[in-house]
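J.: generate a structure from the sequence data that follows.
(2 chains)
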Amino acid sequence: MPKRQSGNKKGKQSNFAKLSIFQPNKYKFKKTCPLSAKGAPTVDYKNVRLLKKYMSENGKILPSRITNVSQKKQRELSLSIKRARNLALI
Amino acid sequence: MNLYEHTIIARQDTSPSEIKQLTEKYSKIVEKNEGEIVKTENWGLLNLSYLIKKNRKGSYIHFKIKGKGNVIDELEKNEAIDKKLLRYLTVRVKKFDLDANYFTKRDDDDKRESYKN
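T.: Modelled structure (predicted):
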């Protein structure tokens, strides 16, 4: 049993590391929510630089299971990404 | 009274004086409807990430407005028929963040990031 568990973990970790072979390994995502921590930046449609971190290269929103963003923050993120898209910022 | 953030995008070929006219025009509409403009920001000519009516660039003007809902109704009614504008967006917020300037500081931030990497 313990062997199996460690195997599972490894699979998950490789999931964190890369979305696809084309994804640049620029940003490593933390295991806890990076937006709920103290001193974290506020999610806002004007903060394009922040929003781009949570989007794929093709402009899609990354799922929270990869970025480890909490449910609440993911909802804020997706809303502000859509607002920024409407303004052609992203 | 509510707080609104209002952004409009003007066509790429509008001159600076025309942009000033636009800001004045819409500021007047706000004041007519008993609204108050807390702040106006001119973000300048930015690259659009996709073509809008064959425009590659757009001049962004950002208002922070305090007022009732009818202000926004009146604004959007006028903006929808304005041929100089490409888009508009209104967002109701609970609090204005008057310190954050995402569009004037952006060059420095990019530099800092590349330095980190």
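J.: surely A:Tyr47 meets B:Phe103?
T.: Not Tyr; residue A:47 is Asn. No - the pair A:Asn47 / B:Phe103 is not scored as a contact, 10.1 Å apart, by C-beta atoms under 8 Å. Yep, even glycine has a C-beta here, placed from its N, CA and C like the rest.
J.: pick out the residue of chain B closest to chain A.
T.: B:Leu48 (4.0 Å; C-beta to the nearest C-beta).
J.: right, and that residue touches B:Arg56 too?
T.: Yes - proximity of B:Leu48 to B:Arg56 meets the contact threshold set by C-beta under 8 Å, at 6.2 Å.
J.: name the element residue 58 belongs to?
T.: In the absence of a named chain, this looks at chain A. Under the criterion DSSP states H and E, no helix or strand holds A:Asn58.
J.: you looked at the wrong chain, it should be chain B
T.: Going by DSSP H and E, B:Gly58 is part of strand B:55-67.
J.: which ones are touching whatever residue of chain A ends up closest to chain B?
T.: Residue nearest to chain B within chain A: A:Ala88 (4.0 Å; C-beta to the nearest C-beta). If a contact means C-beta atoms under 8 Å, 6 or more residues apart in numbering or on different chains, then A:Ala88 has B:Ile9, B:Leu48, B:Ser49, B:Tyr50, B:Ile52, B:Gly58, B:Arg87 as its contacts.
J.: residues near A:Ser70, how many?
T.: Counted with other C-beta atoms under 10 Å in any protein chain shown, the neighbours of A:Ser70 add up to 15.
J.: B:Asp82 versus that one, what's the distance?
T.: 40 Å (C-beta to C-beta, to the nearest Å).
J.: got the contact list for the nearest residue to A:Gln71 once chain neighbours are set aside?
T.: Distances taken as C-beta to C-beta, 6 or more residues apart in numbering or on different chains put A:Ser64 closest to A:Gln71, at 7.1 Å, once the chain neighbours are dropped. Residues near A:Ser64 by C-beta under 8 Å, 6+ apart: A:Ser70, A:Gln71, A:Gln74.
J.: would you list those in CSV and tack on secondary structure?
T.: Listed next are the contacts of A:Ser64 as CSV, based on DSSP: H, G, I helix; E, B strand; the rest coil:
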residue, secondary structure
A:Ser70, coil
A:Gln71, helix
A:Gln74, helix
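J.: mind giving me CSV with these and columns for pLDDT?
T.: Written out in CSV, the entries for the contacts of A:Ser64 read as follows (pLDDT from 0 to 100):
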residue, pLDDT
A:Ser70, 91
A:Gln71, 92
A:Gln74, 93
